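Peer 1: Return a 3D structure for these sequence lines:
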Amino acid sequence: MFKITKAVIPAAGFGTRHLPITKAVAKEMLPILDRPAIDYVVEECVESGITEICIVVSRGKSMIADYFDRAPEIEASLKHTGKENYLKKINAYQDKVRINYVRQPEMRGTAYAVDLCKEFASGEPFALLFPDDVMYNPEKTVTRQLMEACYETGTTVVGVQDIPPEQAVKYGVMLPLERRGKLTLIGGYQEKPAIADLVSTLTSLGRFVLTYDIFEYIRKVKPTINGEYFLSSAIDMMAKDKPVYSYTFDGTRYDMGCREGFLKANVEYALRDDDLREYVKELLPK
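Peer 2: Next up, the predicted model:
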């Protein structure tokens, strides 16, 4: 029986929808309260049992590696001033997960980013988490749900939820063949279809568990007119050759790639915070 211990986090995008701040700050470092979005994604990996992560970065993203690195000067200052409670916050993952980095030299799509991690995967199935999507489920992480689905099926699993058609067309949707509870055998993967062409509203929302043979299909992907290679095309080809499942996960998803999702995440996480809840309630319209 295989065990999933690795995860890939592609974090090389431009963050266009958050300009102008993303000229200087990596979009993955935009905060939800006092933690950057990517911190919540790494936390999800750790809580799912992942022990090794590969983060795909690009020029201008060095702050991500700096954030997860040790900061001896700050640590010494915190100890000296009796603020050792902050040490747990800034070193939350030091002994729990190993974080590796791969440099992406140019923007060529999601399949290209994943393909850079082939050596890291080392023949094993792995989780894939897009940091634009922050997931909240205090009982069982979305990644853990997909890992368990992969253990059950032995196949690639795409994390999905049913969302309204006008929202589904912004993402990728599944061609459902056979439903079994939360699992759906799929026959294909539509990337951002026109609303008239929607085959379902089972929408891919940034979480996957991929078997190692995904790399065979990535190599077959043809570029778009813009020269990009999409992971959805590789999964679509795989689903036409062998079983691939989607899994309708439980959890709240925040789209950190847009201002609305960023704002919603900050408000709702603040309402869950014991120190901020009442203050935020006072700020919100009655």
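Peer 1: the helices in the stretch 51-200 of the chain, which residues?
Peer 2: Along the stretch 51-200 of the chain, counting by DSSP state H, counting those that start in this stretch, helices occupy 62-68, 72-80, 85-90, 110-115, 118-121, 142-153, 165-168.
Peer 1: where along the stretch 1-150 of the chain do the strands fall?
Peer 2: Taking DSSP state E, counting those that start in this stretch as the test, the strands found in the stretch 1-150 of the chain are 6-10, 31-32, 35-36, 52-57, 98-103, 126-129, 133-136.
Peer 1: Mind naming the longest helix for the chain?
Peer 2: Longest helix in the chain by number of residues (criterion: DSSP state H): helix 259-272.
Peer 1: roughly how far out does that helix sit from the chain middle?
Peer 2: Put simply, helix 259-272 sits 17 Å off its chain's centre (C-alpha atoms, centre = their mean, to the nearest Å).
Peer 1: Show me what it is packed against.
Peer 2: In this structure, helix 259-272 packs against strand 31-32, strand 133-136, strand 252-255, helix 277-283, with contacts taken as 3 or more C-beta pairs under 8 Å, 6 or more residues apart in numbering; DSSP states H and E. No exception for glycine: its C-beta is placed from N, CA and C like everyone else's.
Peer 1: Contact partners for residue 274?
Peer 2: Counting by C-beta atoms under 8 Å, 6 or more residues apart in numbering, residue 274 touches no other residue.
Peer 1: Tell me which of the helices and strands packed on helix 259-272 lies nearest to residue 204.
Peer 2: strand 133-136 (9.9 Å; C-beta to C-beta).
Peer 1: Tell me the strands beside that closest one, with direction?
Peer 2: strand 252-255 (antiparallel) (DSSP bridges).
Peer 1: re earlier: format the helices and strands packed on helix 259-272 as JSON lines; extra columns: distance to residue 10, mean pLDDT and mean neighbour count.
Peer 2: Output for the helices and strands packed on helix 259-272, formatted as JSON lines (distance: least, C-beta to C-beta, whole Å; pLDDT from 0 to 100; neighbours: other C-beta atoms under 10 Å):
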{"stretch": "strand 31-32", "distance to residue 10": "19", "mean pLDDT": "96", "mean neighbour count": "18"}
{"stretch": "strand 133-136", "distance to residue 10": "11", "mean pLDDT": "98", "mean neighbour count": "22"}
{"stretch": "strand 252-255", "distance to residue 10": "16", "mean pLDDT": "97", "mean neighbour count": "20"}
{"stretch": "helix 277-283", "distance to residue 10": "32", "mean pLDDT": "94", "mean neighbour count": "11"}
